[in-house]
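Engineer: 3D, please:
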Amino acid sequence: MARLGDALRQKREQMGVTMQQAAEDTRIREKFLQAIESGDYQSLPGAVYTKGFLRNYAGYLNFDAEEMLALYTGERGGSEPARTFAPMKPLVKRSFIFTPTVLVPVVVLAGIVLFLGYIYYQFTNFAVAPHVDITDPPGDAVSQVAEFTVKGTTNPDGRITVRVSPGLDTINDVRPARDGTFSVTVTLKPGPNHIEVQVLDPAGKLAQASRTIQLSPPVSNAPQAPQLVVEQPANGGTYTNAPVTVSGRVDKSVASVAVNGAAATVGTDGTFRVSVTFISGTQTIRVIARTAAGAEVQETRTVAVSYTAAVVTVRITGGDAWILATVDGTQAPGTNKILPTGQVLTFTGKSVTVRTGNAGTTFLAFNGQELGKMGEVGQVTERSFSSP
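Structural biologist: Residues are numbered from 1 along each chain as shown. Next comes the predicted model:
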C-alpha cells in the first residue's frame with residue numbers, strides 16, 4: 001500500500017471515522033476513498049479529479065492539502081500513467097478462427113468503445129453542473145411577514161448557500177434531504193429582498209437560482225404606541241441606604257405614567273420623577289405610559305437594594321403631628337415641632353428613634369418595609385430602630 005494511503009487511513013482510524021461516514025461527510029464516493037487509501041490510482045477517474053478528491057479528503061482529516069498532493073505526485077512519478085488494455089485472446093468458434101487480420105480491428109474497435117464509455121462516464125458524473133429549482137415561491141412574490149421559508153430541490157449531495165440582500169445576510173452549508181428537497185427560513189427587510197440560492201456539488205460545479213420577495217407588512221389600525229424614555233435608574237444599578245429615583249420623559253400623546261402601579265406626575269415638558277422605596281434584595285421597576293386612546297408602552301429596570309444602616313421614613317397623613325426624631329443620640333434637624341399633613345422625612349443612622357404626639361397620622365417605613373401608622377389618633381408613642 002502506498003505511503004499516502006497509509007497516512008490517510010491511519011489518520012481516519014485515529015479519528016474513529018468509518019469509510020462510509022467519511023464518504024458521506026466529504027461527498028466523495030466510498031469506492032474512490034478506498035482507491036486513494038489503497039493506492040489503486042488506476043481506479044480513480046483521472047488526475048484532475050483525483051487531486052480534487054485528495055485536497056478535500058486531506059482537509060477533512062486535518063492534513064495539509066499541499067503536502068498530500070506533493071506526496072501523491074511523487075508516488076505517481078510526476079505524471080499519470082497511461083491506461084492499458086489487455087489484448088483479447090483469439091476466440092475459436094466452430095470453424096471460425098481469429099487471425100491477426102481479424103484480431104487487430106476488433107481490439108481497435110474495443111478500445112474506441114471503452115474510450116468513449118470512459119469519456120461519457122466522466123462527463124455525466126463530473127462535468128454536468130448540479131441543478132437547483134426554487135419551488136416556493138414559484139416566482140417573485142410579496143410577503144406580509146418578515147420570516148419567510150424558501151423551498152426547492154437540488155442534487156442530494158450538493159451544499160447550499162443562501163444570500164439575502166440588502167444586508168448581505170448569508171446562510172451557509174445547508175444540506176438537502178435524501179430526495180434533494182431543501183427549505184431555508186430567511187429574514188426579510190422592508191421593501192424588495194433579493195434571495196440567491198447557490199448549490200456546489202462534490203466536483204466543484206456551481207448552480208444558482210434567485211427570487212425577489214417584497215416585504216409589505218399589513219397596515220395596522222391599532223393606536224400608535226407612545227414614546228417612553230426611562231433615564232433613571234440604570235438597569236442593574238445598586239442602591240444602598242437610599243430610595244430608588246425613577247425619572248424619564250414621554251411625548252405629548254401620553255396621558256398618564258405609572259411606576260409599579262403608582263401614578264407619577266408628568267410635567268408640561270413631558271418629564272416625570274418619583275422616588276420608590278424597596279426592601280433589601282433584587283427589585284424590578286415597571287414604568288407604563290398610556291395615551292388617552294388606550295395605547296401603552298412599558299419599560300422595566302432591575303436594581304439591587306441593600307441596607308447597612310437604619311433608614312426610617314416618617315410620613316404625616318390625615319392630620320398634623322408633633323414629631324421628635326433622634327439619630328445616633330442627636331436630635332434630628334427639622335424635628336421637635338408640629339409637622340403638617342403630607343410632610344415626609346427620612347432619617348439614616350446606626351440607631352433612629354421617632355416620637356410622635358399623634359400616632360394615628362404618623363406612618364413609618366423601616367429599610368423599605370412599610371410599618372403602617374404608629375398608633376391611634378392623639379396617642380403619644382415612640383419607636384426605635386437600629387442598623388442590620
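Engineer: quick one: residue 193 from residue 182, how far?
Structural biologist: 19 Å (CB to CB, to the nearest Å). In this view, the C-beta of every residue, glycine as well, is placed from N, C-alpha and C.
Engineer: And for residue 228?
Structural biologist: 44 Å.
Engineer: Please say which of the two ends up with more neighbours.
Structural biologist: More neighbours surround residue 182 than the other of residue 228 and residue 182, with 23 against 20 (other CB atoms under 10 Å).
Engineer: Help me confirm that residue 68 is found in a helix?
Structural biologist: Yes. Residue 68: assigned to a helix according to DSSP: H, G, I helix; E, B strand; the rest coil.
Engineer: what's the burial count for it?
Structural biologist: Residues within reach of residue 68, counting by other CB under 10 Å, total 21.
Engineer: How about it, nearest residue that isn't a chain neighbour?
Structural biologist: residue 58 (4.1 Å; CB to CB, 6 or more residues apart in numbering).
Engineer: if I pick that neighbour, what's in contact with it?
Structural biologist: By CB atoms under 8 Å, 6 or more residues apart in numbering, the contact list for residue 58 reads 8, 64-65, 67-69.
Engineer: how would you label it: helix, strand or coil?
Structural biologist: Three-state assignment for residue 58 (three-state DSSP): helix.
Engineer: do residue 7 as well
Structural biologist: With three-state DSSP as the criterion, residue 7 reads helix.
Engineer: Let me know the pLDDT of it.
Structural biologist: In this model, residue 7 is scored at 87, pLDDT.
Engineer: so how far is residue 55 from residue 66?
Structural biologist: According to CB to CB, residue 66 and residue 55 sit 9 Å apart.
Engineer: Would you mind telling me which of the two has more residues around it?
Structural biologist: residue 55 (16 against 10).
Engineer: element containing the more buried one?
Structural biologist: Assigned by DSSP states H and E, residue 55 falls within helix 47-60.
Engineer: Would you mark the buried spots in that helix?
Structural biologist: 49-58, 60 (16 or more other CB atoms under 10 Å).
Engineer: Turn those into a markdown table, including distance to residue 208 and pLDDT.
Structural biologist: As requested, the buried residues of helix 47-60 are arranged in a markdown table below (distance: CB to CB, whole Å; pLDDT from 0 to 100):
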| residue | distance to residue 208 | pLDDT |
| --- | --- | --- |
| 49 | 23 | 88 |
| 50 | 27 | 87 |
| 51 | 25 | 89 |
| 52 | 20 | 90 |
| 53 | 24 | 90 |
| 54 | 27 | 88 |
| 55 | 23 | 91 |
| 56 | 21 | 92 |
| 57 | 26 | 89 |
| 58 | 28 | 89 |
| 60 | 25 | 91 |
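Engineer: okay, the residues you listed in a markdown table with distance to residue 239 next?
Structural biologist: Below are these laid out as a markdown table (distance: CB to CB, whole Å):
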| residue | distance to residue 239 |
| --- | --- |
| 49 | 70 |
| 50 | 71 |
| 51 | 68 |
| 52 | 66 |
| 53 | 66 |
| 54 | 66 |
| 55 | 62 |
| 56 | 60 |
| 57 | 62 |
| 58 | 61 |
| 60 | 57 |
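Engineer: ok, what's across the strand from residue 228?
Structural biologist: Beta-bridge partners of residue 228, counted by DSSP bridges, are residue 250.
Engineer: who's in contact with it?
Structural biologist: Residues near residue 228 by CB under 8 Å, 6+ apart: 248, 250, 254, 257, 287, 289, 297-299.
Engineer: go on, residue 141?
Structural biologist: 211-214.
Engineer: Could I get those in CSV, plus columns for pLDDT?
Structural biologist: As requested, the contacts of residue 141 are exported to CSV (pLDDT from 0 to 100):
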residue, pLDDT
211, 94
212, 94
213, 93
214, 91
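Engineer: Name only those of those residues that count as buried.
Structural biologist: Using 16+ other CB under 10 Å, the buried ones in the contacts of residue 141 are 211, 213.
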